[in-house]
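In: model this:
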Amino acid sequence: MSSAWVRTGKNQGGYRGECIDIADVLQQIETAAREHQWTIDVFLDHDGQRLLGLTRMAAQSRASIYLSTGIHGDEPAGPLAALRLLRENQWPAGLDLHFCPCLNPRAFALNSRWNPSGLDLNREYRHPKSAETRAHIQWLERQPQFDVCLCLHEDWESHGFYLYELNPLARPSIAEAMIAAAARVCPVDYSPLIEGRPAA
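Out: Purely as a prediction, here's the structure:
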């Protein structure tokens, strides 16, 4: 961990950092996607929210990758990272890409983990109640099987980068390589317990 990195303690009891205008960010995301020839599927456009599923297929695909972010409205780094990735357009060759850049836009206006109905969409997928989650599940069911899924979050309470790796098929792990890559640009959380779970 960099000795220059210091926790300010301002995020006690909630996110107190800089918020984003999610409507403006999503408009820029859609513009960048169109400029770089992504297919845009608006899979929910209702009640002040517009959920986008972006896809771009490789001429000769070697893997199918899914990315999502913006499921919690107090995690502004995710949609901003999505915008930057789309603008920079530096994707590895040979990948079919499926990208949901913001899954809970109405929560950003509230600076809240929860949607306006008080639901944590990240806990909704086994028994979905919200329109957002149901629409997302329907979109996912229309996609091909993914080789890797990256669900990006911002944990403003953590001591640095960490990841949860789910690997039901026991494929070779990529977790250590991802942590090593992240460590070059930001602190890594080496706490023995993260979010109440033992960490490796």
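
In: CA only for contacts and neighbour counts going forward, please
Out: Will do.

In: tell me the helices in this protein, going along the chain?
Out: Taking DSSP state H, the helices of the chain run over residues 22-35, 77-88, 105-110, 131-141, 175-183.

In: For Asp41, find the nearest of these.
Out: helix 131-141 (8.8 Å; C-alpha to C-alpha).

In: name the helices or strands packed onto that closest one?
Out: strand 39-46 (3 or more C-alpha pairs under 8 Å, 6 or more residues apart in numbering; DSSP states H and E).

In: Neighbouring strands - and their directions - for the strand it packs on?
Out: strand 49-56 (antiparallel) (DSSP bridges).

In: list the buried ones in stretch 27-47?
Out: Residues 28-30, 32-33, 38, 40, 43-44 are the ones in stretch 27-47 that count as buried (16 or more other C-alpha atoms under 10 Å).

In: And those residues, which two are furthest apart?
Out: Across these, no pair lies farther apart than Ala32 and Leu44, at 19.6 Å, counting by C-alpha to C-alpha.

In: Quick check: the gap between His33 and Ser117.
Out: For the record, residue 33 is Ala, not His. 30 Å (C-alpha to C-alpha, to the nearest Å).

In: Tell me who's in contact with the most centrally placed residue in the chain.
Out: Centroid-nearest residue in the chain: Thr69, 2.0 Å away (criterion: C-alpha atoms, centre = their mean). When contacts are counted by C-alpha atoms under 8 Å, 6 or more residues apart in numbering, Thr69 touches 78-79, 82, 100-103, 151-153.
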